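A.B. asks: my questions concern the predicted model and sequence given below.
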Amino acid sequence: MIEKVVKIVNKAGLHTRPAATIVKLASKYKCEFYISKNGLNINGKSIIGVMTLAAEMGSQLILTFDGEDEEAAAKEIIEYFDRGFDEI
Amino acid sequence: MKISQKSISRIESISVGFLYNNSKNAFKLKLFSDDSGFEKKIFEQNLHRPGLALAGFVDLFSYSRVQVFGNTEMRYLSQLSDSKKREALNRIFHFEIPCIILTDGNKPFPVLVELANKNNVALFGSPFSTTKLVYLVSDFLDDQFAPRVSIHGSFVDVYGIGVLFVGKSGIGKSEVALDLIERGHRLVADDVIILTKKGEGILIGSGTNLAKHFIEIRGLGIIDVERMFGIRAIRFQKRLEIIVELEIWDDKAEYTRTGLDERNVNVLDVEIPYVKLPILPGKNITVISEVISLNYLLKHYGYDAAQEFQSRLKDRIRNVNNIDDLRGVDYFEHDFE
């Protein structure tokens, strides 16, 4: 299991487009993927779940990957967060 | 089914302003002071009646709780002179109390309002009796401070039974929920379900305030169930009674055949009946879900089909020599239908 804390760095926060991209990226992998913010823990493969986080700029999220291809999934998704969802 | 510790949360404090704004209508609260004490925090769900503290005994005074002034406190204060009143009240305002509620329609003395404003403590009044108000406020605070857990799934009221569908992403939980709605059942929430523990042994599930009754159907996108199917298709909260886990049929897994061995899953220390349902082509999960609910209802009302069959079987084995006809009918003469 991989666990990593990431920070939202783009101005618009985790809005619809990045949420859809995250779900799309996560769905390629077999491993389970959870995102948690302030005690709200959601499935990272569900678009409504990811949007429910309503994560604003500067907020911190805990990403959890668990399963056979967790390393590849973690690498790709964490990079996407670090790039500010390609918006900076 | 496993629940990660990260999903479990608990609110540590609420502000007095939050209590007032969310309960003023239900508790008929009236504000006697100004709102300068609204920022104060409440950390405990218990209430306190400060009779002894007013009389001078402040050892073990539970000052951090919401203070309730009932008829006893008000009668005691009313027979004191103004300077004695001030002295008695200063004993409790000396501590960091969150707020004061007067019950039974009692009106505050001017000196009480003055001291409340001076110490930035909100002062409320309610027409309810002390017993009733203590019950209402404790219930509200209990709910606010209750442990919560967020779970990924679909939560539907099926024949009045709260059924939570869980399972891997993309297995078809939302589709089952949609199918159930179409058959007249009611959606509580989809995707993110928040379960709150109520008292001992009860979990209440609801959606988040953002995603309320939106659901996502793969290949279609997000739909609004309330708009599309109307008010009859939704409800805001429901007690959780059964958890159904959907999974792809696994040859190696063992599935319940008789239903005699009941399985439970522990959520926030509450045991919830649990059914594992394999998905196969040609298997109508919606109808099976309805049957699961109806079976739960039957059991609740005292009839357990598996137990009944088992006792009949035992009977038969015991009286094996007395049976002459295996068929489950009596003989009807000339009945060819």
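C.D. replies: Received it, and whenever you're ready, just let me know what you need.
A.B. asks: apart from its chain neighbours, what residue comes closest to A:Tyr29?
C.D. replies: A:Ala73 (3.9 Å; C-beta to C-beta, 6 or more residues apart in numbering or on different chains). Yep, even glycine has a C-beta here, placed from its N, CA and C like the rest.
A.B. asks: C-terminal to the lowest-mean-pLDDT helix or strand in chain A, what's the next element?
C.D. replies: The weakest-scoring helix or strand in chain A, judged by mean pLDDT, DSSP states H and E, is strand A:40-43 (a mean of 88). The helix or strand immediately downstream of strand A:40-43 is helix A:47-52, counting by DSSP states H and E.
A.B. asks: is it true that A:Asn38 touches B:Ser9?
C.D. replies: Yes. Using C-beta atoms under 8 Å, A:Asn38 is in contact with B:Ser9, at 7.3 Å.
A.B. asks: about what we covered before: tell me who's in contact with the residue nearest to A:Tyr29.
C.D. replies: Applying C-beta atoms under 8 Å, 6 or more residues apart in numbering or on different chains, we find A:Ala73 in contact with A:25-26, A:28-29, A:31, A:33, A:65, A:67.
A.B. asks: what's around B:Gly153, how many residues?
C.D. replies: Per other C-beta atoms under 10 Å in any protein chain shown, the neighbour tally for B:Gly153 reads 26.
A.B. asks: what do you get for B:Asp59?
C.D. replies: Quick note: B:Asp59 (other C-beta under 10 Å) scores 6 neighbours.
A.B. asks: one more: the one 10 residues further on?
C.D. replies: Neighbouring residues of B:Phe69 were enumerated by other C-beta under 10 Å; the total is 26.
A.B. asks: one step back: the residue nearest to A:Tyr29 and A:Phe33, how far apart?
C.D. replies: 6 Å (C-beta to C-beta, to the nearest Å).
A.B. asks: quick check: neighbours shared by those two?
C.D. replies: The contact lists of A:Ala73 and A:Phe33 share A:26, A:65, where a contact means C-beta under 8 Å, 6+ apart.
A.B. asks: how many neighbours does A:Glu56 have?
C.D. replies: A:Glu56 has 12 neighbouring residues, counting by other C-beta under 10 Å.
A.B. asks: most neighbours, which of the contacts of A:Ala73?
C.D. replies: A:Phe33 (27 neighbours).
A.B. asks: right, is the helix or strand hosting it up against chain B?
C.D. replies: In the assignment (DSSP H and E), A:Phe33 maps to strand A:32-37. Yes. Using C-beta under 8 Å from any C-beta of the partner chain, we find that strand A:32-37 touches chain B at A:32, A:34, A:36.
A.B. asks: between those, which is nearest chain B?
C.D. replies: Ranked by distance to chain B (C-beta to the nearest C-beta), those are led by A:Ser36 at 4.8 Å.
A.B. asks: quick check: closest non-adjacent residue to the residue of chain A at minimum distance from chain B.
C.D. replies: Closest residue of chain A to chain B, C-beta to the nearest C-beta: A:Gly39 (2.6 Å). Nearest residue to A:Gly39 in three dimensions, chain neighbours excluded: B:Ser9, at 2.6 Å (C-beta to C-beta, 6+ apart).
A.B. asks: contacting residues around residue 78?
C.D. replies: No chain specified, so I'll use chain A. Applying C-beta under 8 Å, 6+ apart, we find A:Ile78 in contact with A:4, A:6, A:63.
A.B. asks: that answer is for a different chain, and I need it for chain B
C.D. replies: B:Ser78 touches B:Phe109, counting by C-beta under 8 Å, 6+ apart.
A.B. asks: so for it, what's the pLDDT?
C.D. replies: pLDDT for B:Ser78: 89.
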